[in-house]
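> Curious how this folds, go ahead:
(chains A and B)
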Amino acid sequence: MNTPWLDIALSLDGFVAALFLVTGLNVIVVRQMLAALYLFIIHAVLLASSAIVLAVALGSIHLGWVAVITIVTKVVAVPVIVRWSAGSQVYKRREVDQVLSIPISLLAAAALALAAWMSITPLVHSISDRPFAAINLPTGLMTVFFGALTVAVRREGVAQLMGLLIMESGAFFASISIVPDLPVIAEIAAAVDVPVAALVIGLLIRNIDRLTGTTRVGLLAGLKER
Amino acid sequence: MELTIILAIPVAAALVALASERAAKYSTLVALASVLVLSTEAAVRVSRDGIIVGLGGALTLDPLAALYLWLVSFVGFTASLYSIGYLHAREQSHAATPPRYRQYYPLFNTFIASMLAVALIADLAVIWIAIELTTLFSAFLVAYEDRTEALEAAWKYVMLTTMGALIALLGVLIVYYGVNRAGQPVTWTGLVAAAPVLPPALLKTAFVLWLIGFGTKAGLVPLHTWLPDAHSQAPASICALLSGVETSAALYMILRLYPALIRNPGIEHAGTWLLVAGLITTGTAAFLLLQVRDFKRLFAFSTVEHMGIILTASALKTSAAGMGAIYQLFGHALVKPVCFYAAGLAMLVLGTQNIDEARGLLSRSPAVGWAFMLAALAIAGTPPFVLFISEFAILRAGFTTGQFAATGLLAAFIVLAFVAILYNAGRIVFGKPGAGIPDVRLPASSLAAVGLALVPIVVFGFYLPPPFLVLMRQASMVLGGIS
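Okay, here's the model as predicted:
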């Protein structure tokens, strides 16, 4: 690709990466469960957008398929599967409480973003043949950390599931910049893995709700060592 | 063809179990017996002819993978035999939920298929998917008894290990990029071949992500918290699989990346991370073993201890310690099922898994009492059992090469764990049993599984068949970075 077009693609990818990061950050602190689900869908659309930008810039058919698979699995299948498996109550407007207050969660997220940046910088410097790696690798690792933080600070089962899915999107956001040509079998298997994980965790949430009357998994403490 | 069949048989058994509840138990037993025979034959072939390939290169089997494949097959077979009577007996004795064979056996078979896939698949990205599937297929096996505590354990298990797997995913894809860029196939062999030319920053970043990610699933401290919970709540047959071979699958991934670090000239002190993680894990587990109050948790913490011992041994930088690490992995996978099978039967006999309440197992049921005591002696590393050989080899290798600080600490932690395990086991096995515990008819199939699982841990303490010995030597060379 010519340099001016590459510059435009890099700028576009940078813009998408910024939105991707902000959306991931929002999932940590958003108060409504329905909003967390919508943010996850937007997050997946942004992952697909980055894949499309890279597909065009690098002329990679594989990345085009990554975009299609992301839309089908995360934007369409996962919300349907979560609704079916965890029960329709997850789509009701209700508050999600969390272990840490929102300002402390944001501070922790900032510290994690800094740690991600510092730990990935040596790797970014060693990758000279992948122009998008400097944008996607740090953004992806920060998002993986944001997802992990979401799981740690949320008490609600579905919100924790969203954290896991955000982590998965982060890992793929990073990887599309360095591995644009995964074998088809790996792409298909990874595509199937996400809905299966959502199904299994959704069914666990439903069973926990059946036995305890709540989906606030953070309150389960029967196995704590005494 | 043979490798494809090994993978296809448990998948077919899962479909049969889905279709027919009546056929589920015995079709699974027959399927896993066939897998054991084929895996043994494949392992012997690898020891004789070297790496074998199947399905157009999509499946491969090298010495380390062949050992792991055989372990999964053996533990899978004994667990299927144990399950036949155990699920029913558990329902009878403790008013647990009625056996749900149509849920249990399809998941049991697919869980085993996913672990076999970890050993057989060639492509690193697809191996990651197999690792992730081990969690997803076993989640409802952990929650099988459908109690609040079982669901809590399953929730922690799924969330923590999936989080770990997603961190590892990024590490796997970074390795994928590096090996691909070096012009090598993205397999274990390709990784070792590419290692000398990979940027050190790439390997270091990937290794840290693998250590944290797969370390969560392997139960490395401080990421081990799911492990005692899952093991205290899952049926004993599932604990045998989780503890014996599933945690080993995650450790297997870490051990397979480590040789790439050794071979890279830009990376010094590659073993330090493993040594620190290994010693912290072993030490923490040894102290936790002292305060444990549940005998299934006791065996769970000993799994954490063993994972630490294997990591520490791998980092000791001698071929003898490498051989000891492989032997420890092998011995752990064989001994741990006996522990959980005996613990499951002890729960049936005593009606509790609380160590403070469990007394007089030997007088209540001599067979289970002896099995429990032998399992405890074996897992603590007492001679003549297989783990004594491996732990002795590791400590000897460490001391003779002058690594006194690390080896001394490891020895102290092993002794502490030894004391804790045998003290607690002695309290359960001896003494006067509590009154008012109803007599239970023990399932013959479960007793047979205990007997069968005891055979290799005793025999391999004295004699290792030549194919296994060859495989272990070759596997320790793989661990040392020699392709």
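> Look up how far chain B lies from the residue positioned nearest the centre of chain A.
Nearest residue to the geometric centre of chain A (CA atoms, centre = their mean): A:Ile166, 1.8 Å. Noted for A:Ile166: a distance of 9 Å to chain B, by CB to the nearest CB, to the nearest Å. All C-beta spots, glycine's among them, are computed from the backbone N, C-alpha and C.
> who's in contact with that residue?
When contacts are counted by CB atoms under 8 Å, 6 or more residues apart in numbering or on different chains, A:Ile166 is found next to A:Gly24, A:Val27, A:Phe40, A:His43, A:Thr143, A:Phe146, A:Gly147, A:Thr150.
> can you tell me the average pLDDT over the helix or strand hosting it?
A:Ile166 is part of helix A:157-178, with elements assigned from DSSP states H and E. What helix A:157-178 shows for mean pLDDT is 90.
> in that helix, what's buried?
By neighbour count on 16 or more other CB atoms under 10 Å in any protein chain shown, the buried set for helix A:157-178 is A:157-178.
> Likewise for stretch B:310-326?
Neighbour-count burial for stretch B:310-326 [16+ other CB under 10 Å]: B:310-318, B:320-326.
> ok, now stretch A:55-68?
So stretch A:55-68, judged by 16+ other CB under 10 Å, has buried residues A:Ala55, A:Ala57, A:Leu58, A:Ser60, A:His62, A:Leu63, A:Trp65, A:Val66, A:Ala67.
> and the helix ranked longest in chain A, what does it pack onto?
As assigned by DSSP state H, the longest helix anywhere in chain A is helix A:184-212. Judged by 3 or more CB pairs under 8 Å, 6 or more residues apart in numbering or on different chains; DSSP states H and E, the packing partners of helix A:184-212 are helix A:61-70, helix A:78-86, helix A:157-178, helix B:124-142, helix B:148-181.
> Using CSV, write out every CA atom in stretch B:192-199.
Once non-C-alpha atoms are left out, stretch B:192-199 reads as follows in CSV (Å, rounded to 0.1, in the frame of the first residue of the first chain):
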residue,chain,number,x,y,z
VAL,B,192,12.1,-24.8,19.1
ALA,B,193,13.7,-24.4,15.7
ALA,B,194,12.7,-20.7,15.4
ALA,B,195,13.7,-19.9,19.0
PRO,B,196,17.3,-18.8,18.4
VAL,B,197,16.3,-16.1,15.9
LEU,B,198,13.2,-14.8,17.7
PRO,B,199,13.5,-11.3,19.3
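> Would you map the strands across chain B?
Taking DSSP state E as the test, the strands found in chain B are B:52-54, B:59-61.
> Pull up the pairing partners for the first one, direction included.
Think strand B:52-54. Next to strand B:52-54 in the sheet, as set by DSSP bridges, lie strand B:59-61 (antiparallel).
> I'd like to know the average pLDDT value across the partner strand.
94.
> one step back: okay, among the buried residues of stretch A:55-68, which ones form the most distant pair?
The most widely separated members of the buried residues of stretch A:55-68, counting by CB to CB, are A:Ala57 and A:Trp65 (15.8 Å).
> ok, B:Val72 - how many residues close by?
Number of residues near B:Val72 (other CB atoms under 10 Å in any protein chain shown) recorded here: 32.
> Please give me every residue in contact with it.
Applying CB under 8 Å, 6+ apart, one finds that B:Val72 lies in contact with B:Ser39, B:Ile112, B:Met115, B:Leu116, B:Ala119, B:Val245.
> Just the pLDDT for it.
B:Val72 carries a pLDDT score of 97 in this model.
> same deal with B:Gly481?
pLDDT, B:Gly481: 61.
> which of the strands of chain B sits most buried?
Mean neighbour count, computed with mean count of other CB atoms under 10 Å in any protein chain shown, is highest for strand B:59-61 among those, reaching a mean of 23.
> Quick one: residues contacting the closest residue to chain A within the stretch 301-450 of chain B.
Residue nearest to chain A within the stretch 301-450 of chain B (CB to the nearest CB): B:Phe301, separated by 11.0 Å. Counting by CB under 8 Å, 6+ apart, B:Phe301 makes contact with B:Pro228, B:Ala285, B:Leu288, B:Leu289, B:Val292.
> Neighbour count added to the residues you listed, as a markdown table?
Formatted as a markdown table, those follow (neighbours: other CB atoms under 10 Å in any protein chain shown):
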| residue | neighbour count |
| --- | --- |
| B:Pro228 | 26 |
| B:Ala285 | 29 |
| B:Leu288 | 22 |
| B:Leu289 | 26 |
| B:Val292 | 21 |
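> which residues touch the closest residue in space to B:His88 that isn't next to it in sequence?
Excluding the flanking residues, the one nearest B:His88 by CB to CB, 6 or more residues apart in numbering or on different chains is B:Pro99, at 5.7 Å. By CB under 8 Å, 6+ apart, the residues touching B:Pro99 are B:Leu87, B:His88, B:Glu91.
> Check B:Pro265 too.
B:Pro196.
> Kindly recompute the last result at 10 Å.
For B:Pro265, the contacting residues are B:Ala195, B:Pro196, B:Val197, B:Pro200, by CB atoms under 10 Å, 6 or more residues apart in numbering or on different chains.
> before we move on, what about B:Ala65?
Contacts of B:Ala65 by CB under 10 Å, 6+ apart are B:42-43, B:46, B:51-52, B:59, B:118-122, B:127, B:188, B:252, B:256, B:471, B:475, B:478.
> how much space between B:Arg256 and chain A?
Taking CB to the nearest CB as the measure, B:Arg256 falls 18 Å from chain A.
> Verify the stated contact: that residue with B:Ala206.
No - using CB atoms under 10 Å, B:Arg256 is not in contact with B:Ala206, being 12.0 Å away.
> Quick check: neighbours shared by the two?
Common neighbours of B:Arg256 and B:Ala206, using CB under 10 Å, 6+ apart, are B:Leu191.
> quick one, which of the two is more surrounded?
Shown here are B:Arg256 and B:Ala206; by other CB under 10 Å, B:Ala206 has more neighbours (26 against 21).
> B:Leu169 is in contact with that one, correct?
No - contact criterion CB under 10 Å: B:Ala206 and B:Leu169 do not qualify, at 11.1 Å.
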